[in-house]
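1. Quick check, what structure comes out for this input:
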Amino acid sequence: MNNQYKPALFWFAGLNAVATFLLIGLGGLVTSHEAGMSVPDWPTSYGYNMFALPIKFWTGGAFFEHTHRLLASVVGLLTTILALWLWLKDSRRWLHWLGIAAFLLVVAQGILGGLRVRLHLDWLGVPHGAVAQAFLVLTSALALFTSSWWMATETEKEIPVPRGLRRHVLSVTILIFAQLLIAATMRHQHAGLAIADFPLAQGKIWPATSPEAIASYNAHRVEINGEKPITAFQVNLQMIHRLVAYAIFLGVAAAAMRARKKLGGGDGLTQLAYGWLGLLALQILLGAATIWSNKAADVATGHVMAGALALLAGALWWLAAERRTRAAT
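-> Numbers count the residues shown, from 1 in each chain. So this is what the prediction gives:
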């Protein structure tokens, strides 16, 4: 074994990361289409081996749910192969254990998804979503660690990134992860939109949440739209989600400006920071469009996928900054 760049390993790790991202998008479609229980059994599908399910069952919500299961199985297989490949062909012991961690995480993710079906527990969708985001970061990090750029920094000097900027980006990235947990909690309550307007909320800057106000909101929802009733908790949670989104946008904007000041406009990390800012702007726009379209499935899923990319951008930025700084010392 040696520590040289292996193109095949890098591209395989990248394939695994891309498949994981697509799996998150497909999971978003499952939730957006309320298809989470369309296939009522697990690990079988309608009593069949999931890999031999007849085409006649691939209709409606079952199409999204079953396709999600199949892609999850592919990701599980890719992750297993990657973990073995790293263990056998890469000399970095810490990378061996990261590969094993990825394998264990994908197993845990599959079990969480299965338990949600077998136990009929919607709340398991929240940890299922959280593990999915963490797994995406890990698989993408494995691709970064096997890249030629990462290997080159072991011998080439790079411009160090100030500690304050690195800490700032890490803090914002952690806040994005917390935001994704809030979003998962909102989505898996299956109550539709707790607040149906934007940028105002129930026609106000901050909506009333008294029992009388909630009753009024629900009277409109149930009688006009036929949606499930909401609670004051759900209204407040969506307002917190909006406030955190603004805080994240400001945090990423500050990171981009600080990177330009400390590293220069032509630096790769500065450009990535501005790309991150553009992604956050798109994420907010998709969030607004989700409300304006009354949670159209494709728009809501785009919002989910943009959120995953925002988390990933921050995590990879921080990892690259740490590597550069270490190589420069």
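
2. only C-alpha atoms for contact and neighbour calcs from this point on.
-> Noted.

3. which residues in the stretch 151-300 of the chain form helices?
-> Taking DSSP state H, counting those that start in this stretch to define them, one finds helices in the stretch 151-300 of the chain at 163-187, 211-220, 232-263, 268-292, 297-328.

4. tell me the most buried of these?
-> Using mean count of other Cα atoms under 10 Å, the stretch among those with the largest mean neighbour count is helix 297-328, at a mean of 21.

5. So for that one, mean pLDDT?
-> When the per-residue pLDDT values of helix 297-328 are averaged, the result is 93.

6. what does stretch 8-23 give?
-> 97.

7. Check what pLDDT the closest residue to residue 175 other than its chain neighbours gets.
-> What sits nearest to residue 175 in space, not counting adjacent residues and going by Cα to Cα, 6 or more residues apart in numbering, is residue 248, at 7.0 Å. The score at residue 248 is 97. That number is its pLDDT.

8. so who does residue 248 touch?
-> The contact partners of residue 248, by Cα atoms under 8 Å, 6 or more residues apart in numbering, come to 172, 175, 176.

9. go on, residue 297?
-> Counting by Cα under 8 Å, 6+ apart, residue 297 touches 29, 32, 33.

10. can you pick the most crowded of the residues you listed?
-> Scoring these on neighbours with other Cα atoms under 10 Å, the highest-scoring entry is residue 29 at 24 neighbours.

11. Touching, that one and residue 296? I think so.
-> No: with contacts defined as Cα atoms under 8 Å, residue 29 does not count as touching residue 296, sitting 10.3 Å away.

12. and the gap between residue 9 and residue 282?
-> 32 Å (Cα to Cα, to the nearest Å).

13. swap in residue 314?
-> Applying Cα to Cα, one obtains 15 Å for the distance of residue 314 from residue 282.

14. Was I right to think residue 186 contacts residue 235?
-> No: under the criterion of Cα under 8 Å, residue 186 lies out of contact with residue 235, with a separation of 9.7 Å.

15. elements contacting the helix or strand hosting residue 115?
-> Element membership for residue 115, per DSSP states H and E: helix 93-119. Helices and strands in packing contact with helix 93-119 are listed as helix 60-89, helix 125-145; criterion 3 or more Cα pairs under 8 Å, 6 or more residues apart in numbering; DSSP states H and E.

16. Now do it: distance to the chain's middle.
-> Centre-to-centre, helix 93-119 and its host chain are 16 Å apart (Cα atoms, centre = their mean, to the nearest Å).

17. Likewise for stretch 294-309?
-> 11 Å.

18. just stretch 236-247 next, same as before
-> Relative to where its chain is centred, stretch 236-247 has its mean C-alpha point 17 Å off (Cα atoms, centre = their mean).

19. ditto for stretch 251-259
-> For stretch 251-259, the separation from the chain centroid amounts to 21 Å (computed by Cα atoms, centre = their mean).

20. And for that stretch, what's in contact with it?
-> 165, 168, 169, 172, 265, 269, 270, 273, 274, 276, 277, 280.

21. Need the mean per-residue confidence for stretch 77-89.
-> Stretch 77-89 comes out at a mean pLDDT of 96.

22. For it, C-alpha coordinates in PDB please.
-> The C-alpha trace of stretch 77-89 is given here as PDB (Å, rounded to 0.1, in the frame of the first residue of the first chain):
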ATOM      1  CA  LEU A  77     -23.200  -1.700  -2.000                       C
ATOM      2  CA  LEU A  78     -21.000   1.200  -3.200                       C
ATOM      3  CA  THR A  79     -20.200   2.200   0.400                       C
ATOM      4  CA  THR A  80     -19.200  -1.400   1.300                       C
ATOM      5  CA  ILE A  81     -16.900  -1.700  -1.700                       C
ATOM      6  CA  LEU A  82     -15.400   1.700  -1.000                       C
ATOM      7  CA  ALA A  83     -14.700   0.800   2.700                       C
ATOM      8  CA  LEU A  84     -13.000  -2.400   1.600                       C
ATOM      9  CA  TRP A  85     -11.000  -0.600  -1.100                       C
ATOM     10  CA  LEU A  86      -9.800   2.100   1.300                       C
ATOM     11  CA  TRP A  87      -8.800  -0.600   3.800                       C
ATOM     12  CA  LEU A  88      -6.900  -2.700   1.300                       C
ATOM     13  CA  LYS A  89      -5.300   0.000  -1.000                       C
END
